[in-house]
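# what follows is a predicted structure for the sequence shown.
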Amino acid sequence: MKLQKYMLPLLAVLTLASCEKPFDQLEQDPNRPTSAPASLVFNGVVNDMYSVAGGGGWNDSQRYNQFYASNYNYYATNDYAWTTTGLNYTTLKNVVKMEEEAKKAGLPDVNAYSALGKFFRAYFFENMTRRVGDIPMTEALQGLNNQTPKYNTQKEVYVQILNWLDGANADLASLIAKNDNNLSGDIYFGNSLSKWQKAVNTYKLRVLVNLSRKESDTDLNIKSRFAEVLSNSSKYPVMASSDDNLQYVYNSQFNKYNRNPDNFGGNATRENMAATYLGTLTSLNDPRTFVVAEPATAKVAAGVKPTDFSAFVGASSGEDLATMSSNATKGIYSFINRKHYYSTYTAEPYILIGYPELQFNIAEAINRGWATGNAETYYQNGIKASWAFYGITDGANTVYFSADGGYRNFNTYTVNVSFADYYAQSAVKYAGSTTGLTQILTQKYLAFAQNSGLEAFYNQRRTGVPTFLVGAGTGNSQRIPLRWQYPATERSYNTANNTAAVTSQYGGNDDINAQMWLLK
């Protein structure tokens with residue numbers, strides 16, 4: 001009893017003492033970690049890069065790029081009736097967290113994570129602004145300190161993007177010179193800062209080309225910035241070959257290619273090739289045709305050789321879906337090549353930022369007069385790099401077409417390829433001037449197939465090349481939209497700032513067909 005007499009007051013004191021803890025301490029879960037290694041956060045961010053870049057081939061982005069089409073509306077349509085889009089602020093918060101964890105681990109102010117943090121900011125902020133226009137930037141990522149951040153203009157965002165990229169390049173160069181590399185968890189370049197530096201500057205050239213309509217803006221200095229990169233390779237190294245591609249490589253166990261034996265039965269006949277892409281290939285007698293598509297069975301049944309370009313037919317993305325479905329069932333259209341995409345779990349890497357695009361971007365810049373050099377050489381390099389991606393070489397090439405519509409049995413054919421003969425065609429041989437620019441843009445579009453997310457769409461939006469096909473199947477009054485609407489959360493929780501941004505840009509109408517600053 002005496003023990004109980006003394007214990008009860010003691011327990012009361014302890015209970016009262018525990019209740020006096022601050023709320024932020026009481027709410028902490030002792031079983032949940034409050035920090036993580038910078039490398040672990042970094043790994044999540046680079047995986048988000050892949051998701052932002054489309055998350056692999058044969059998805060919504062690639063339909064909007066008109067590389068393929070859905071003919072089965074239960075699962076997907078080819079409709080451009082876009083509404084709201086998601087933004088990347090959660091990922092950007094993780095970028096901030098990654099930098100904080102690097103500092104907590106004792107790394108200096110300039111370290112691998114802080115340098116790449118600048119690149120990630122540029123990458124994700126550009127993804128957002130290209131989708132909607134003006135976005136919160138300067139006042140963003142402040143958490144509870146500012147829950148209603150004001151919007152920056154799209155121009156301000158791009159000025160900052162270019163500054164971030166220059167900062168990332170300079171920091172990486174400093175770290176490389178000192179052999180100071182604490183990077184870990186890199187699924188793309190095996191923790192090579194030199195490879196990352198090339199990716200940063202290659203991406204910078206993409207950004208500058210995306211700003212082509214603003215080439216006279218003295219605040220952006222697009223021409224001089226582009227020329228500076230080309231003329232100073234020691235300060236601004238760029239990708240030297242496809243070995244430098246920033247790409248997502250698949251495996252047969254955990255990260256399988258989007259099309260593989262497991263999902264053949266679910267979508268193989270519900271998707272056919274789009275005419276914008278396949279028709280461009282066949283019009284140029286391009287051997288990539290034989291790698292990416294199957295000959296249309298109706299054509300082969302009518303006596304056309306499987307290796308004739310006329311045997312390959314894509315459907316217009318604008319075709320009424322019921323008509324497309326019927327035609328696909330009749331064998332009128334080409335399906336996805338069974339051997340290349342369905343017979344394994346690894347197919348091909350998914351390029352986020354790549355050497356072929358770089359070559360076409362340089363060719364385009366020279367064509368536009370931004371830099372000196374031989375545009376034709378870069379143009380040819382881009383085509384050759386794209387061919388190599390598909391394993392196409394000069395001489396005899398073995399191609400595979402399904403023998404029974406499936407992915408196990410194939411008929412093989414030999415196709416003789418000559419780059420010289422291909423390039424000698426008037427539609428392919430670089431003509432310079434406006435015609436040459438269209439040729440560069442066309443070949444860039446072909447090289448983007450099933451890669452790089454919406455880059456093909458953004459290039460077409462900027463230049464009009466190639467002509468996208470429209471009709472009942474694409475909706476939106478047969479128009480290709482120019483943007484997405486802002487997220488509903490912005491309208492609900494950042495109402496005043498969102499309303500001001502929509503008013504200043506689009507006259508108060510958050511319209512998917514409205515023209516943002518970038519396109520004016």
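That came through fine.
# C-alpha from now on. contacts and neighbour counts both.
Noted.
# and N397, which of the three is it?
strand (DSSP: H, G, I helix; E, B strand; the rest coil).
# and it, how far is that from T307?
Relative to T307, N397 is positioned 12 Å away (CA to CA, to the nearest Å).
# look at these two and report which has more neighbours.
Remark: of N397 and T307, T307 carries more neighbours, 20 against 15, as counted by other CA atoms under 10 Å.
# contacts for the helix or strand containing F457?
Per DSSP states H and E: F457 is located in helix 455-463. Residues outside helix 455-463 that contact it (CA atoms under 8 Å, 6 or more residues apart in numbering) are 64-65, 210, 213, 441, 445, 448-449, 465-467, 482, 519.
# show me where the chain has strands.
68-70, 135-136, 151-152, 246-248, 271-273, 350-353, 395-402, 410-417 (DSSP state E).
# same list (the ones you listed) but as CSV, adding distance to V291 and mean pLDDT.
Putting those into CSV (distance: least, CA to CA, whole Å; pLDDT from 0 to 100) gives the following:
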stretch, distance to V291, mean pLDDT
strand 68-70, 14, 98
strand 135-136, 41, 98
strand 151-152, 45, 98
strand 246-248, 20, 98
strand 271-273, 12, 98
strand 350-353, 16, 98
strand 395-402, 7, 98
strand 410-417, 11, 98
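# so for R338, which of those strands sits nearest?
Nearest of those to R338, taken as CA to CA: strand 395-402 at 6.2 Å.
# and that closest one, what does it pack onto?
helix 288-292, helix 338-342, strand 410-417 (3 or more CA pairs under 8 Å, 6 or more residues apart in numbering; DSSP states H and E).
# send the alpha carbons of it over as CSV?
Extracted C-alpha coordinates of strand 395-402, given in CSV (Å, rounded to 0.1, in the frame of the first residue of the first chain):
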residue,chain,number,x,y,z
GLY,A,395,24.1,-3.8,-96.2
ALA,A,396,21.9,-6.8,-95.5
ASN,A,397,19.5,-6.4,-92.6
THR,A,398,17.3,-9.2,-91.2
VAL,A,399,13.8,-8.1,-90.4
TYR,A,400,11.1,-10.1,-88.6
PHE,A,401,7.3,-10.1,-89.1
SER,A,402,4.8,-12.2,-87.2
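# what's the angle from that strand to strand 410-417?
Angle between the axes of strand 395-402 and strand 410-417 is 150 degrees (criterion: axes from the mean of the first three to the mean of the last three CA atoms, to 10 degrees).
# if we can go back for a sec, just send the contacts of helix 455-463 back as CSV, with pLDDT too.
CSV is the format used below for these (pLDDT from 0 to 100):
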residue, pLDDT
Y64, 98
N65, 98
N210, 98
R213, 98
L441, 98
Y445, 99
F448, 98
A449, 98
V465, 98
P466, 98
T467, 98
L482, 98
L519, 98
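# for N245, give me its contacts.
Taking CA under 8 Å, 6+ apart, one finds A199, M239, I351, L352, I353, G354, Y355 in contact with N245.
# I'd assumed G331 was in contact with T297.
Yes - counting by CA atoms under 8 Å, T297 touches G331, with 4.9 Å between them.
# out of these two, which sits in the busier spot?
Neighbours per residue, other CA under 10 Å: of T297 and G331, the larger number sits with T297, 22 against 17.
# and the more buried one, how far is that from G279?
Distance of T297 to G279, given as CA to CA: 17 Å.
# same check on Q460?
The gap separating Q460 from G279 is 16 Å, by CA to CA.
# show me what the lengthiest helix in the chain packs onto, helices and strands only.
Longest helix in the chain by number of residues (criterion: DSSP state H): helix 154-177. Packing contacts for helix 154-177, counted by 3+ CA pairs under 8 Å, 6+ apart, involve helix 112-132, helix 193-210.
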